[in-house]
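> please work out how this folds:
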Amino acid sequence: MGAYREAYERSITNPTGFWRDAATAIDWIEPPDRILDDSEAPIFRWFPGATLNTCHNALDRHVQNGRGDQTALIHDSPATGVVRTFTYRELRDEVALFAGALRRLGVDRGDRVVIYMAMVPEAVVAMLACARLGAVHSVVFGGFGARELAARIDDAQPRVIVASSCGLEAGRVVPYQPMLDAALAEAAHTPTHCVILQRPQAPATLLPGRDLTWTDAVAGAEPAGCVPVSATDPLYILYTSGTTGRPKGVVRDNGGHAVAVAWSMENIFGVRAGEVFWAASDVGWVVGHSYIVYGPLLLGATTVLYEGKPVGTPDAGAFWRVVEQHRVAAMFTAPTAIRAVRKEDPEGKLLSGRDMSSLRLLFLAGERLDTRTYEWAGELLGIPVIDNWWQTETGWPIAASPRGLEALPTRPGSPSVPMPGYRVRVVAPDGSDVEPGREGAIVLDLPLPPGCLPTLWRDDERYVRSYLSAFQGAYLTGDGGMFDADGYLYVLGRTDDVINVAGHRLSTGSMEEVLAAHPAVAECAVIAVADELKGQVPRGLVVLRDGDAASPAELVAWVRERLGPVAALRRIDVVAALPKTRSGKILRGTMRGIADGRDEPVPATIENPAVLDALRPVLRPRR
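Numbering: from 1, shown residues only. This next block holds a predicted model:
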């Protein structure tokens, strides 16, 4: 039995023993006696009765154990041309001081703090300072729209908001203060104070009595120590993107989160203490929480905070420059980032001359990884490319190739196998398991492992209704897929992307996979649109590689040849770009709504609204 199979089976047959052992990697104030509380099922709690402090585990203990002079955080900002580094001791001191500043502003254990910042070190400091005090942080992506920010302020009811005066994106300055002011004008809840990090590119105009600068906030503050909290106390709230009305606040607890994320760093990502790990994401997303801030620091690794893009800062070689300069051992990014690099530099010329010898592994997640991108990255870098699949709600990978346990071979189109603790099933509409090779809904049997959401912020009923009501005793992921005969999982897309064409159930994800394999295609999306005759039909949108050409008719024939006429993909439009969220997900639902004739608003999570505006005439139904 291999190391993976042994660990997985133990996590399923003896979860108490498995997670008790994993918990020894964490410093506890009151060690866990009970491991799982199932008395209020389907609401489960891990490590009830235990106490700890997450900030102590991320910073103080490493200083105490001899890592004080090791680099903890590298802030690399091609947007400003500045690189800043912080040792574990320096970062601990910065965090303790800002925690004292927050305490002086009235923040105590259990209070909420909304963080609305650019990719600057102070964002990490603010998150860890909240954890130090036992306060609950809610990071909202810098530049998020005023209405959505207001909804999150009203739901979290923060005592303090911490913001930067602006963000820097793709050669432009985005002032945050006007959006923050508009959000506070709209919100019913009013925080006591707003702490503003003034950036020279666009300083904010402060409102007397409400606002104070970061510099003024820390002036004269007394450094704060670590406050003990219960393992079941919330560490943070992270609101899911794309919500309407009252947003869904995913809760992450302190104990389960620390144990699971620390375990994943070593066993899934194969990173060791002292190595450099880079998650090229944003602190506003779950990847940023788990694998920019908490995961690497809980392990004692060095983490990279990157204020830039995969292309344009200054070119498609930006990622390779960061890897070489900072000796990155393992990197995590989104497939869309690698597709953007491939589109601009298909032959990888910008990699030439770079010393990439430090890089052992490339992890890709956040959106379905097409075979062509997987193969291109692997051939270019000459290292394993590890697809992995998870969600904001789970906080760490559901399926992957666990490089720290066992280097399982990867397969194109699959994020590999379920990780320990996750009982993954593929089910038919009646909840019965489907055979390998057959598609169905992917569900996770309860209880979910540590680190996953125990509930939604102040709304157990909504948590049960949204995630646990479709299939008895299981969490509905909302994704469809299948297992192959060897137990490898294939995630084929959201279940609402499975369309019904004249009685045939077809996966738009399967069509995208075929379309993306065309040599001229840089990236693509297939959406389902309403059809009077067939109910639904697929439509394709394609971005071509620079310098390549392919006609819509050629692309239609390509798909038909490989999937057969049942695919019914007869309309493909070649477009300049696809609309995406800032985390790289293609806005398929928004495009589907426009194609069906609905007046879809511009989502708050969109990266570039002009891209969607340019597509509206293409998508709009023909009269």
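
> can you list the domains in the chain?
86-227, 502-619 (automatic domain parsing).

> quick one: average pLDDT of the longest one?
Throughout domain 86-227, pLDDT has a mean value of 95.

> same question for stretch 482-502.
80.

> stretch 286-293 too?
pLDDT averaged over stretch 286-293 gives 97.

> got it, and stretch 593-613?
On average, stretch 593-613 scores 86.

> residues in contact with it?
With Cβ atoms under 8 Å, 6 or more residues apart in numbering as the test, stretch 593-613 has contacts from 141, 144-145, 147-148, 241-242, 527, 529-530, 539, 576-583, 587, 590-591, 615-616, 619-621. For the C-beta atoms, the positions are set from N, CA and C on the backbone; glycine is no exception.

> got a quick PyMOL command for the buried subset of those?
Applying 16 or more other Cβ atoms under 10 Å to the contacts of stretch 593-613, the buried members can be selected in PyMOL as follows:
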select buried, resi 141+144+145+148+241+242+527+529+539+577+578+579+580+581+582+583+587+590+591+615+619
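
> in strands, which of the contacts of stretch 593-613 appear?
Ile527, Val529, Ala530, Arg539 (DSSP state E).

> wait, what's in contact with the second one?
Applying Cβ under 8 Å, 6+ apart, we find Val529 in contact with Gln536, Val537, Pro538, Arg539, Arg592, Ala595, Asp596, Pro621.

> ok, those vs Thr87, which is closest?
Arg592 (48.9 Å; Cβ to Cβ).

> mind checking the domains of the chain for the one nearest to Asp233?
With Cβ to Cβ as the measure, domain 86-227 is the member of the domains of the chain nearest Asp233 (6.8 Å).

> for that closest one, how far is the first residue from the last?
23 Å (Cα to Cα, to the nearest Å).

> then stretch 211-221?
End residues of stretch 211-221 are separated by 17 Å (Cα to Cα).

> output the domains of the chain as JSON lines; include the columns distance to Trp46.
Below are the domains of the chain laid out as JSON lines (distance: least, Cβ to Cβ, whole Å):
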{"stretch": "domain 86-227", "distance to Trp46": "17"}
{"stretch": "domain 502-619", "distance to Trp46": "27"}
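
> restricting to C-alpha, output the helix or strand hosting Leu97 in CSV.
In this structure, Leu97 sits in helix 88-104 according to DSSP states H and E. The C-alpha trace of helix 88-104 is given here as CSV (Å, rounded to 0.1, in the frame of the first residue of the first chain):
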residue,chain,number,x,y,z
TYR,A,88,9.9,36.4,10.9
ARG,A,89,11.0,38.6,13.8
GLU,A,90,10.3,41.8,11.8
LEU,A,91,6.9,40.6,10.7
ARG,A,92,6.0,39.6,14.2
ASP,A,93,6.9,43.0,15.5
GLU,A,94,4.9,44.8,12.8
VAL,A,95,1.9,42.6,13.5
ALA,A,96,2.1,43.0,17.2
LEU,A,97,2.3,46.8,16.8
PHE,A,98,-0.7,47.0,14.5
ALA,A,99,-2.6,44.7,16.8
GLY,A,100,-1.9,47.2,19.6
ALA,A,101,-3.2,49.9,17.3
LEU,A,102,-6.4,48.0,16.6
ARG,A,103,-6.8,47.3,20.3
ARG,A,104,-6.5,51.0,21.0
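
> right, and the helix or strand after that helix?
Once the chain leaves helix 88-104, the next helix or strand it forms, by DSSP H and E, is strand 112-116.

> so what touches that following strand?
102, 107, 123, 126-127, 130, 135-140, 142, 144, 149, 152-153, 156-164, 176, 180, 191, 237, 283.

> helices - which of those land there?
Among those, the ones falling in helices (DSSP state H) are Leu102, Ala123, Ala126, Met127, Cys130, Leu149, Arg152, Ile153, Ala156, Leu180.

> nearest to Arg342, of the residues you listed?
Comparing the ones in helices among the contacts of strand 112-116 against Arg342 with Cβ to Cβ picks out Ala123 as the nearest, at 29.7 Å.

> what about Asp315, how many neighbours?
For Asp315, the number of neighbouring residues by other Cβ atoms under 10 Å comes to 13.

> so the residue lying closest to it once chain neighbours are set aside versus Arg438, what's the distance?
Setting aside the residues directly before and after it, Asp315 is nearest to Leu350 in space (Cβ to Cβ, 6 or more residues apart in numbering), at 6.2 Å. Here the criterion is Cβ to Cβ, to the nearest Å. By it, Leu350 lies 43 Å from Arg438.

> higher neighbour count, those two?
Neighbour count, other Cβ under 10 Å: between Leu350 and Arg438, Leu350 has more, with 18 against 11.

> if I pick Thr373, what's in contact with it?
With Cβ under 8 Å, 6+ apart, Thr373 has these contacts: Pro335, Ile338, Arg339, Arg342, Leu364, Ala516.
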